[in-house]
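# Dropping the sequence and predicted coords here.
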Amino acid sequence: MTLDASIALRLGSLDLVVDLTVADGDVLAVLGPNGAGKSTLLRVLAGLLRPDGGTVTVDGATWDDGATHLPPHRRPLGVVFQDSLLFPHLSVGDNVAFGLRTRGVRKAPARAAAAAWLARVGLDGLGDRRPAELSGGQAQRAALARALVGDPALLLLDEPLSALDARTRLTVRAELRRHLAEFGGSTVLVTHDPVDAMALADRVLVVEHGRVVQAGTPDEVNRRPRTDYVARLVGLSLLPGTGDGRSVRLDGGGVVAVGEETAGPVFAAVRPESVALYLARPEGSPRNVWPARLAGATPHGTTVRCELAGEVPLVADVTATAFAELGLVPGADVWATVKASEVAVYAR
Amino acid sequence: MSRRERTVPAPLLVPAGLAVLFLVLPLLGLVLRAPWSAIGPTLAEPEVGQALRLSLVSATLATVLSLLLGVPLAWVLARSRVRGRSVLRALVTVPLVLPPVVGGVALFLVLGRQGIVGRWLFEQFDVTIPFTTTAVVIAETFVAMPFLVISVEGALRAADTRFEDVAATLGADRWTTFRKVTLPLVAPGVAAGAVLCWARALGEFGATITFAGNFPGTTQTMPLAVYLALQRDPEAAIVLSLLLLVVSLATLLLLRDRWLGRVAP
């Protein structure tokens, strides 16, 4: 059950052009900022929106092209939305059985299948409850059961974890990972949380302003981000430039020394923990030393994340102790150093 | 500080108090002036029972008719993308602001024996509508249905349409979605609209007397009986008014507990 989609759609100020393929049993994460068109993409795949152009085929069957538009209720799919959207007037069990009933399954077998799925998602015996009596995590589990009970060809997850509190999100994410591994169809997961994408997906599609800006495995996207948005998500400073031997001339001015030979248009990526800060220009000669101004500082656990403004814009993580000892305050002038071997460099 | 926020400014308090007096005093007067000894004999009169029965039956029929036609209309107004929808909404709510007597005249012109539709009905089927119980139901429906439509449309607009999207992704076509999801979600709004509609139909006077006349047993509803009694026998009018008041209040309270109270889980 392979999903092949090539979609073009204009909706208000959004201009969406996306191609994607999801193989049998695979999970594709669509990662992007709010307003990038992720949810719109999902609505097109679900058949709730008709694209202006392009095709959607699942398992060889055409769901959308210039001539045909299969309405959503005729598509074998399951959708989980951000807020579980369980029907408030039905019991949890009837919610899960809903898709079977509309597709002609009789009441008793539908109830039995719903009960079995509720047990599978850890809600054994809660079928008679009202949705309002469930916790957020339970409701989202029930919504997952409701989406999967009909054994769909395509599973669409729209920010399924973002409405949950941090602790619940961890457990539900782990469970979701298990269910996705057991699910035989294609899955498209829309999220703005890179952790969801890294934990759940086989491949990641980064969408910004309606366009795919990067596609790859979670590891590739994590280690070699191609846009500022992704770099910031995964906590890297991304410096576009031109390779010249063992250094990169940055587009924004300045030069970065790197640990390997490089040429042509490249990205240099710097991890915040590789950046060290000093009040005076350090002795000795680390090859990358830049003057900078501390633009902002936010505590992150035991470290402080420092935004640096200057010729080379960087983010530095320093320990809270070091931050205090240096007496850093926003606006302070500092020196930032990075070892050449700590700079990742890859072609643009 | 919180005490200060709770005090009502005098410019609001005085008119608000007057409004309460204005709304409650007449009802109180009705109760105070009730000729208690005359209640039994008045209610025992066969015409009273007839009028009450006719009122209840016709108001209920008008409400059923309004539900059957008005709920679909509300859906069209709230959900469809029909062109000229706002004009349509304005048109169907005209009876809300139209003097009921004018509505009665209009109905007569259309459904009367010389009317556009009425003549055809008479010639083809030998059916005459004015001055029948059917005319009572039609007049009441004409006046009361907009209350239901407005109420249900409001509920539909306030309802979360994402539930309908979910239903579609679960294999429900639009009709199934309407029956299984939309209608249950707006049930409180439909119930509230039906109560308003029923109460308005029960009290209908102008359109009824114009279009259906005032014939005991067939078209004389309680409000008409009250009006007639007031000219003949004021004490009977008070008794009949009290009866209508009790019926209205009882219905409101009953439905509040049975339907409207169960809005939120």
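Good, I have the coordinates. As the structure is a prediction and not an experimental result, all values here were calculated from the model. Residues are numbered from 1 along each chain as shown, chains lettered A, B, ... in the order given.

# alpha carbons only for contacts and neighbour counts from here, please
OK.

# Show the contacting residues for the closest residue to A:Leu161 other than its chain neighbours.
Distance criterion C-alpha to C-alpha, 6 or more residues apart in numbering or on different chains; nearest residue to A:Leu161, sequence neighbours excluded, is A:Arg169 at 5.9 Å. The neighbours of A:Arg169, taking C-alpha atoms under 8 Å, 6 or more residues apart in numbering or on different chains as the test, are A:137, A:161-162.

# which stretch of helix or strand covers residue 239?
In the absence of a named chain, chain A is used. strand A:237-250 (DSSP states H and E).

# I was thinking of chain B, sorry if that wasn't clear
Counting by DSSP H and E, the secondary-structure element that holds B:Val239 is helix B:234-258.

# For stretch A:72-86, give me every contacting residue.
The set of residues that contact stretch A:72-86 without belonging to it, under C-alpha under 8 Å, 6+ apart, is A:46-48, A:63, A:92, A:95, A:131, A:139-140, A:142-144, A:146-148, A:150, A:152-163, B:162-163, B:166-173.

# one step back: helices or strands up against the strand holding A:Leu239?
Other elements packing on strand A:237-250 under the criterion 3 or more C-alpha pairs under 8 Å, 6 or more residues apart in numbering or on different chains; DSSP states H and E are helix A:228-233, strand A:255-270.

# May I see the buried residues of the last one?
By 16 or more other C-alpha atoms under 10 Å in any protein chain shown, the buried positions in strand A:255-270 come out as A:255-258, A:262, A:265-270.

# For that strand, which strands pair with it and how are they oriented?
Next to strand A:255-270 in the sheet, as set by DSSP bridges, lie strand A:237-250 (antiparallel), strand A:343-347 (antiparallel).

# related to what we said a few turns ago, how far does the strand holding A:Leu239 sit from the chain's center?
Going by C-alpha atoms, centre = their mean, to the nearest Å, the spacing between the C-alpha centre of strand A:237-250 and its chain's C-alpha centre is 27 Å.

# Can I get that strand in PDB, CA atoms only?
Output in PDB follows, covering the C-alpha atoms of strand A:237-250 (Å, rounded to 0.1, in the frame of the first residue of the first chain):
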ATOM      1  CA  SER A 237      23.700  27.300  13.800                       C
ATOM      2  CA  LEU A 238      23.600  27.100  10.100                       C
ATOM      3  CA  LEU A 239      26.100  29.200   8.100                       C
ATOM      4  CA  PRO A 240      25.800  29.100   4.300                       C
ATOM      5  CA  GLY A 241      29.100  29.900   2.400                       C
ATOM      6  CA  THR A 242      31.500  28.800  -0.200                       C
ATOM      7  CA  GLY A 243      34.100  26.200   0.400                       C
ATOM      8  CA  ASP A 244      37.800  27.100  -0.200                       C
ATOM      9  CA  GLY A 245      40.200  24.400   0.900                       C
ATOM     10  CA  ARG A 246      40.000  24.000   4.700                       C
ATOM     11  CA  SER A 247      37.900  27.100   5.200                       C
ATOM     12  CA  VAL A 248      34.500  28.400   4.300                       C
ATOM     13  CA  ARG A 249      33.900  32.000   3.200                       C
ATOM     14  CA  LEU A 250      30.500  32.800   4.600                       C
END
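
# Assign a three-state SS to A:Gly150, would you?
Per DSSP: H, G, I helix; E, B strand; the rest coil, the local secondary structure of A:Gly150 is coil.

# Any figure for the gap between the residue nearest to it when sequence neighbours are not counted and B:Gly171?
If the residues on either side of it in the chain are set aside, A:Gly150 comes closest to A:Leu100, at 6.1 Å by C-alpha to C-alpha, 6+ apart. Note on A:Leu100: its distance to B:Gly171, by C-alpha to C-alpha, to the nearest Å, is 8 Å.

# Give me the secondary structure label for the residue in the stretch 151-265 of chain B positioned nearest to chain A.
Relative to chain A, the nearest point of the stretch 151-265 of chain B is B:Gly171 (3.8 Å; C-alpha to the nearest C-alpha). At B:Gly171 the chain is in coil, as set by three-state DSSP.

# try A:Leu308
When the structure is reduced to helix, strand and coil (three-state DSSP), A:Leu308 reads as strand.

# Just the pLDDT for it.
Here, the pLDDT recorded for A:Leu308 equals 90.

# And for B:Glu140, the neighbour number?
Around B:Glu140 there are 31 other residues, counting by other C-alpha atoms under 10 Å in any protein chain shown.

# I'd say it and B:Ala201 touch.
Yes: contact status for B:Glu140 versus B:Ala201: in contact at 4.9 Å, counting by C-alpha atoms under 8 Å.

# any common contacting residues for those two?
With C-alpha under 8 Å, 6+ apart as the test, B:Glu140 and B:Ala201 both reach B:58-59, B:62.

# okay, and for the stretch 201-348 of chain A, where does confidence drop off?
Under the criterion pLDDT under 70, the flagged ranges of the stretch 201-348 of chain A are A:285-286.

# in chain B, which helix has the most residues?
Counting residues, the longest helix found in chain B (DSSP state H) is helix B:46-79.

# buried set for the next helix-or-strand element following that helix?
Scanning forward in sequence from helix B:46-79, with DSSP H and E defining helices and strands, the next element found is helix B:85-92. Taking 16+ other C-alpha under 10 Å as the basis for neighbour counts, the residues of helix B:85-92 that come out buried are B:89, B:92.

# tilt between helix B:85-92 and helix B:46-79?
Between the axes of helix B:85-92 and helix B:46-79, defined by axes from the mean of the first three to the mean of the last three C-alpha atoms, to 10 degrees, the angle is 170 degrees.

# Remind me what helix B:85-92 packs against, helices and strands.
With contacts taken as 3+ C-alpha pairs under 8 Å, 6+ apart, helix B:85-92 sits against helix B:46-79.

# what helices or strands is the helix it packs on leaning on?
Contacting helix B:46-79 under the criterion 3+ C-alpha pairs under 8 Å, 6+ apart are the following elements: helix B:85-92, helix B:133-158, helix B:187-202, helix B:222-232.

# now that helix, how far from the chain's geometric center?
The gap between the average C-alpha position of helix B:46-79 and the chain average comes to 7 Å, counting by C-alpha atoms, centre = their mean.

# just stretch A:254-272 next, same as before
Distance, centroid of stretch A:254-272 to centroid of chain: 26 Å (C-alpha atoms, centre = their mean).

# With stretch B:139-150 instead?
Centroid separation between stretch B:139-150 and its chain, computed with C-alpha atoms, centre = their mean, is 6 Å.

# can I have that stretch written out in CSV, keeping just the CAs?
The C-alpha coordinates for stretch B:139-150 follow below in CSV (Å, rounded to 0.1, in the frame of the first residue of the first chain):
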residue,chain,number,x,y,z
ALA,B,139,-50.8,30.4,10.3
GLU,B,140,-49.0,29.3,13.4
THR,B,141,-46.2,27.6,11.4
PHE,B,142,-45.8,30.8,9.3
VAL,B,143,-45.3,32.9,12.4
ALA,B,144,-43.3,30.5,14.5
MET,B,145,-41.0,28.6,12.2
PRO,B,146,-38.5,31.5,11.9
PHE,B,147,-37.8,31.2,15.6
LEU,B,148,-36.8,27.6,15.1
VAL,B,149,-34.7,28.4,12.0
ILE,B,150,-32.8,31.2,13.6
